[in-house]
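[1] Sequence first, then the predicted structure:
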Amino acid sequence: MDTQRFKGANTLPDQPKKHRIIRNLRWWIGGLLFASTVINYIDRQTLSVMAPYLKKEFTWTNSDFALIVISFRVAYAFGQTFSGRLLDWLGSRRGLMISVTWYSLVAMLVSTANGLKSFSFFRFLSGSGESANWPGAAKTVAEWFPKSERGWAVALFDSGSSVGGAIAPFLVIWLYTTFGSWRPAFIFVGILGFIWVLIWRAFYHPPESHPNLSAEEREMILKSKQEEQQTETRAFRQDGDAGQRPASWRSLLGLKQTWGIILGRSLTDPVWFFITDWFAIYLVSKGFKLENTLIGFWVPFLAADLGNFFGGGFSSYLIQRGWPVLRARKFVILICGIGMALLIPVVFVSKFSLIITLFAISTFAYAAWSTMALSLPSDLYPSSTVASVSGMSGTGAGIGTIISTFLIGWVSDRYSFEPILVVASFVPLVATLLVFILVRDSKKQPAVA
């Protein structure tokens, strides 16, 4: 008995496991969202970069290639609404794990495609998985960043699209020339996705429970979220449970600001996807060899990357100077809507450097505009509804892109790319006008049932 007492007296209680504190952890989370977007875009750009070679191997027309792109877009468009809703229910951690695992597996399966039908089928599956990236990233930003930093955070993850688009030509063509086949490129993208999933699963937790988050940063994040909930407008209050569950689709679609965000992206995203999906084919149609123009192919994507940070940084600067959040976002939207109109002069030039410069200005303006559009859901809606709104706007953007992709294939086969460039310059001006008309202070919106 005495021996047992002696042993008990020297047995220390279990000590809580100490975790390493990571300073500015929210920006590491933003870095993971950036990496996910890079991989997402390398995946979709792999097909675009290989398009000239695949068209030759399988004897596709531009309209045939458009069908493959549309297959992706259909799944991507409608998938964003459903994946956004699913993310609001499952949470960012599980939702993004499932989506990236899905499209990484499908990327590997694309390497088995042997014709138009199989390519269309696999790209449809890819689009369904990739559709969760933007709603999931927007939701994560709303959970981890105060409003004054969200412009920067959105710019960070959204810049992954231009970085992925810039990396893809070098990586994909290197793999193509090394292995003498397009198939290894898709397998490589799948491997990248699985690596990301493993890191995300091990590292990501909500700010309320993240073991590596400092007490100071946790307090700052939670305090910001609490202030947002306290100032949440009656438009989103639901029987004292505001911000705890997603508002219904019907309620959200009853708000003018929701339609402003949806229509804005529906009319501007097709401009970006025209460049990402058709730029290689456009350059070849102008008589340039893709192997000799890789640096030029890269420039518009670099410009887009800079545009992301310009939009996020400039709007955050205006907010810190005392501008209302919505006014700061809309000012950037205005100047960048005008900037996208510079695709029109491309019609009148044939010098490679001038073509690249004009495309670069347009992608810079688009990326800054897009950063503002992606920030608006987290600016105007509670975090429990951000992914749903972002997903619906993504669906609108996808529908607009599907229609434009079909028209681009039809017009370019029968005429040229010139009418497409003119239309692509005017449509963003309409989108900008609609945002100014429809997106207003949410306090003026009708109550949601």
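    That came through, no problem.
[2] Can you tell me the closest non-neighbouring residue to the residue nearest the centre of the chain?
    By Cα atoms, centre = their mean, the chain has its centre lying nearest to Trp134, at 4.0 Å. Leaving aside its sequence neighbours, Trp134 sits nearest to Gly394 (Cβ to Cβ, 6 or more residues apart in numbering; 5.6 Å). C-beta coordinates here come from the backbone N, C-alpha and C atoms, glycine included.
[3] Near that neighbour, how many other residues are there?
    Here the count is done by other Cβ atoms under 10 Å, and Gly394 has 30 residues near it.
[4] What separation do you get for it and Ala387?
    Distance, Gly394 to Ala387, using Cβ to Cβ, to the nearest Å: 10 Å.
[5] shared neighbours of those two, which are they?
    Both Gly394 and Ala387 are contacted by 84, 135, under the criterion Cβ atoms under 8 Å, 6 or more residues apart in numbering.
[6] Would you agree Val271 is in contact with Phe359?
    No - checked against Cβ atoms under 8 Å, the pair Val271 and Phe359 is beyond contact range at 10.7 Å.
[7] Can you pull the residues that touch both of the two?
    By Cβ under 8 Å, 6+ apart, the residues touching both Val271 and Phe359 are Leu343.
[8] Extract the CA atoms of the strand or helix carrying Glu216 and return them as PDB.
    In this assignment (DSSP states H and E), Glu216 forms part of helix 215-230. Extracted C-alpha coordinates of helix 215-230, given in PDB (Å, rounded to 0.1, in the frame of the first residue of the first chain):
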ATOM      1  CA  ALA A 215      -3.700  33.800 -28.800                       C
ATOM      2  CA  GLU A 216      -3.300  37.300 -30.100                       C
ATOM      3  CA  GLU A 217      -4.100  36.300 -33.700                       C
ATOM      4  CA  ARG A 218      -7.100  34.200 -32.600                       C
ATOM      5  CA  GLU A 219      -8.500  37.000 -30.600                       C
ATOM      6  CA  MET A 220      -8.100  39.400 -33.500                       C
ATOM      7  CA  ILE A 221      -9.900  37.000 -35.900                       C
ATOM      8  CA  LEU A 222     -12.700  36.100 -33.600                       C
ATOM      9  CA  LYS A 223     -13.200  39.700 -32.500                       C
ATOM     10  CA  SER A 224     -13.500  40.800 -36.200                       C
ATOM     11  CA  LYS A 225     -16.100  38.000 -36.800                       C
ATOM     12  CA  GLN A 226     -18.000  39.000 -33.700                       C
ATOM     13  CA  GLU A 227     -18.200  42.600 -34.800                       C
ATOM     14  CA  GLU A 228     -19.500  41.600 -38.200                       C
ATOM     15  CA  GLN A 229     -22.200  39.500 -36.600                       C
ATOM     16  CA  GLN A 230     -23.200  42.400 -34.400                       C
END
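[9] Packing partners of that helix?
    helix 25-58 (3 or more Cβ pairs under 8 Å, 6 or more residues apart in numbering; DSSP states H and E).
[10] let's see 10 Å
    In terms of contacts (3 or more Cβ pairs under 10 Å, 6 or more residues apart in numbering; DSSP states H and E), helix 215-230 is packed against helix 25-58, helix 133-144, helix 147-179, helix 383-414.
[11] List the contacts of the nearest residue to Arg73 once chain neighbours are set aside.
    Spatial nearest neighbour of Arg73, chain neighbours left out: Ile402 (4.5 Å); criterion: Cβ to Cβ, 6+ apart. Listed by Cβ atoms under 10 Å, 6 or more residues apart in numbering, the contact partners of Ile402 are 66, 69-74, 76-78, 270, 273.
[12] Spatially nearest residue to Val349, not counting backbone neighbours?
    Using Cβ to Cβ, 6+ apart, the nearest residue to Val349 is Ile355, at 6.0 Å.
[13] just Thr276 next, same as before
    Closest to Thr276 by Cβ to Cβ, 6+ apart is Gly165, at 5.7 Å.
[14] That neighbour: what's it in contact with?
    Contacts of Gly165 by Cβ under 10 Å, 6+ apart are 38, 41-42, 44-45, 48-49, 272, 275-276, 279, 297-298, 300-302, 304-305, 363.
[15] repeat that for 8 Å
    Each residue near Gly165 by Cβ under 8 Å, 6+ apart is listed here: 41, 45, 276, 301, 304.
[16] Next, count neighbours for the fourth one.
    Close neighbours of Phe301, defined as other Cβ under 10 Å, add up to 27.
[17] And it, what's its pLDDT?
    We have a pLDDT of 79 for Phe301.
[18] cool, and Gln445?
    39.
[19] what is the orientation angle of the helix or strand containing Trp200 with helix 25-58?
    For Trp200, the host element (DSSP H and E) is helix 183-203. Following axes from the mean of the first three to the mean of the last three Cα atoms, to 10 degrees, one obtains 160 degrees for the angle between helix 183-203 and helix 25-58.
[20] Can you point out the buried residues in helix 183-203?
    By 16 or more other Cβ atoms under 10 Å, the buried positions in helix 183-203 come out as 183, 185-190, 192-193, 196-197, 200.
[21] which stretch among the helices and strands packed on helix 215-230 comes nearest Ala107?
    helix 25-58 (5.4 Å; Cβ to Cβ).
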